[in-house]
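> give the three-dimensional model of this entry:
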Amino acid sequence: MNFDDYQKAANRTLMGKEQVLTNCVLGLTGESGEVADLVRKYTFQSTKLDKGQLTKELGDVLWYLSQIAEWADIPFDQIASENIKRLKQRYPSSKGGLNQVNL
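Below you'll find the model as predicted:
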C-alpha cells in the first residue's frame, strides 16, 4: 500500500466535520505520548518493549498524520517524498541507505 492509498482509506473512519484539524492534532499528541511512554518504560523501567503495542500506537500516530494531511489537502506520498529528499540533502553520506532511494 502506498501512502496516498492509506490516506484515502483511513479517511473513511474520520468522524465529525467541525474542528477536524484540532481534533486530529490533539489526537496526534495523545498517541505520540503513548509511543513515548512505551519507550520510557522500556528505557527507564526495564520493561520489555511490546512490539505489538508499539505497532498499534505507531499506527494510531500514522492515522492522525494522514488525516491532518488530508484536511490540508496534501497528498501523503508528497510528504514522504519531500521528507526523504530533505534527509538525502542533510545526510548525503548516510549509512542508512538514503542515497539508494529512488524518488
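> rest of the way, CA atoms for contacts and neighbours
Fine.
> how far away is A72 from R86?
From A72 across to R86, the span is 21 Å (Cα to Cα, to the nearest Å).
> actually P92, sorry about that
If you go by Cα to Cα, the gap between P92 and R86 works out to 10 Å.
> what do you get for N2?
From N2 over to R86 (counting by Cα to Cα), the distance is 20 Å.
> and what of T13?
Counting by Cα to Cα, the separation of T13 from R86 is 31 Å.
> same check on I68?
Taking Cα to Cα as the criterion, I68 is separated from R86 by 21 Å.
> mind showing which ranges of the protein have poor pLDDT?
For the chain, applying pLDDT under 70 flags the ranges 94-103.
> centre-most residue in it?
The central residue of the chain, meaning the one whose C-alpha is nearest the mean C-alpha position (Cα atoms, centre = their mean), is L62 at 3.5 Å.
> what helices or strands is the helix or strand encompassing that residue leaning on?
Secondary structure assignment for L62, by DSSP states H and E: helix 51-71. Helix 51-71 sits against helix 3-11, helix 20-44, helix 76-90, with contacts defined as 3 or more Cα pairs under 8 Å, 6 or more residues apart in numbering; DSSP states H and E.
> now those helices as CSV including distance to L54 and mean neighbour count?
Conversion of these to CSV gives the following (distance: least, Cα to Cα, whole Å; neighbours: other Cα atoms under 10 Å):
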stretch, distance to L54, mean neighbour count
helix 3-11, 19, 16
helix 20-44, 6, 15
helix 76-90, 21, 14
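> distance to T55 added to those, as CSV?
CSV is the format used below for the helices and strands packed on helix 51-71 (distance: least, Cα to Cα, whole Å):
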stretch, distance to T55
helix 3-11, 16
helix 20-44, 9
helix 76-90, 19
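> nearest to L58, out of the ones you listed?
For L58, the closest of the helices and strands packed on helix 51-71 is helix 20-44, at 6.8 Å, according to Cα to Cα.
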